[in-house]
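Q: Any chance you can model this:
(2 chains)
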Amino acid sequence: MKVQIRYFASLREALGASETVELAPGSTVAALREQLLARGGRHAELLGRERAVRCALNQTMSGESAVVPEGAEVAFFPPVTGG
Amino acid sequence: MNMVTRVSVQTADFDLSAEVRALHAQDHGVGAVASFVGTVRDRNAGEAGAAGDGVATIGTISAMELEHYPGMTEAAIEAMIDEAVRRFDIRAARVVHRVGLLQPGEQIVLVAVASAHRGMAFQACEFLMDYLKTQAPFWKKETTPAGSRWVDARVADDSALARWGVAAANAS
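A: Next up, the predicted model:
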């Protein structure tokens, strides 16, 4: 199934604003992150487990244990710093 | 709650007096309006997790750029206001957050809350700011003489939200 990925702030600068990826049905956000990490290069660097990366599933803050539905929009970004 | 716009994410500046006036103009049950305005500082308070604010100044900031997640940011703040309405006896609330390029001294954020008596307005205003700092998708990038850098989230902001019984899990 296809999933839309979006990146913000430092992740957007390094990885681009968005991309579409193929993901196995029933996958969690954590599995998606692992899949992106496995590409190596900038993805491995920016999405590494030692990094503070937050995520949103269909535009709601989400934990990584959430299952990604088909056609979902998953965003990865650094901790937020507004206000 | 009244039906005026509650959340605006915009590049334009805002007028505190006009916003406060609009918040209670149609509701004479309001006896208190508490407001908070955040502005751009010209110095950084140090690395994330550093003890205290303003201890380790690392450079002069000449500009601040704010990025957000269009759609999610507005929805997240709307949800925060809904939560504030559940928790506190308030009659109206308004949040304006600016994005784009800002200079030191400029206004970034406004939170204003109207209630019958001051206690609820003060509390809800602080609650909304604490919530916004750690749960609304905004990111600040500051420009200093040494170059540009993304601002680190502060553990102290997570702690501020924890006082209200909400786990932030943002910086930490």
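
Q: Could you give the residue of chain A that lies closest to chain B?
A: Here the residue of chain A nearest chain B is A:G82; by C-beta to the nearest C-beta that distance is 2.7 Å. No exception for glycine: its C-beta is placed from N, CA and C like everyone else's.

Q: quick one: contacts for the residue lying closest to that residue once chain neighbours are set aside?
A: Sequence neighbours aside, B:F138 is the residue nearest to A:G82 in space, at 2.7 Å (criterion: C-beta to C-beta, 6 or more residues apart in numbering or on different chains). Contacts for B:F138 (C-beta atoms under 8 Å, 6 or more residues apart in numbering or on different chains) come out as A:80-83, B:66-68, B:73, B:97, B:99.

Q: which residues does B:F138 bridge with?
A: B:H68 (DSSP bridges).

Q: for the contacts of B:F138, which one is nearest B:V33?
A: B:H97 (18.6 Å; C-beta to C-beta).

Q: Provide the partner residues of the closest one in its beta bridges.
A: Bridge pairing for B:H97 - DSSP bridges - gives B:V9, B:V109.

Q: my read: A:E73 touches A:R6, true?
A: Yes - judged on C-beta atoms under 8 Å, A:E73 makes contact with A:R6 at a distance of 6.3 Å.

Q: out of the two, which sits in the busier spot?
A: In this view A:E73 and A:R6 are compared by other C-beta atoms under 10 Å in any protein chain shown, and A:R6 has more residues nearby, 20 against 16.

Q: what about the helices in chain A?
A: Per DSSP state H, chain A has helices spanning A:10-15, A:29-37, A:41-46. These are given in chain order.

Q: Show me the residue of chain B that gets nearest to chain A, please.
A: Nearest residue of chain B to chain A: B:F138, at 2.7 Å (C-beta to the nearest C-beta).

Q: Would you mind listing the residues in contact with A:R42?
A: Here A:R42 is in contact with A:14-15 (criterion: C-beta under 8 Å, 6+ apart).

Q: quick one: it and B:G29, what's the gap?
A: To B:G29, A:R42 is 55 Å away according to C-beta to C-beta, to the nearest Å.

Q: same thing with A:V29?
A: Distance from A:V29 to B:G29, by C-beta to C-beta: 44 Å.

Q: Of these two, which one has the most company?
A: Set A:V29 next to B:G29 and count neighbours by other C-beta under 10 Å: A:V29 wins out with 21 against 9.

Q: How many neighbouring residues does residue 80 have?
A: Defaulting to chain A. Neighbours around A:V80, by other C-beta under 10 Å: 28.

Q: You answered for a different chain; I wanted chain B.
A: Residues lying near B:M80 (other C-beta under 10 Å) number 23.

Q: Over to B:A153?
A: 25.

Q: Could you look up the SS state of it?
A: Taking DSSP: H, G, I helix; E, B strand; the rest coil as the rule, one finds B:A153 in the coil state.

Q: That one reaches B:A171, doesn't it?
A: Yes - using C-beta under 8 Å, B:A153 is in contact with B:A171, at 3.7 Å.

Q: that older thread, for the contacts of B:F138, which two are the farthest from each other?
A: Using C-beta to C-beta, those reach their maximum pairwise distance at A:G83 and B:E67, which is 13.7 Å.

Q: partners of the residue most central in space within chain A in the sheet?
A: Residue closest to the average C-alpha location in chain A (C-alpha atoms, centre = their mean): A:F76, at 3.9 Å. A:F76 has these beta-bridge partners by DSSP bridges: A:Y7, A:C55.

Q: three-state assignment of B:Q26?
A: Applying three-state DSSP: B:Q26 is coil.

Q: What count of nearby residues applies to B:L23?
A: Residues near B:L23, counting by other C-beta under 10 Å, number 22.

Q: What about B:D42, how many residues nearby?
A: Neighbours around B:D42, by other C-beta under 10 Å: 16.

Q: right, I mislabeled it, should have said B:R86
A: B:R86 sits with 7 neighbouring residues when counted by other C-beta under 10 Å.
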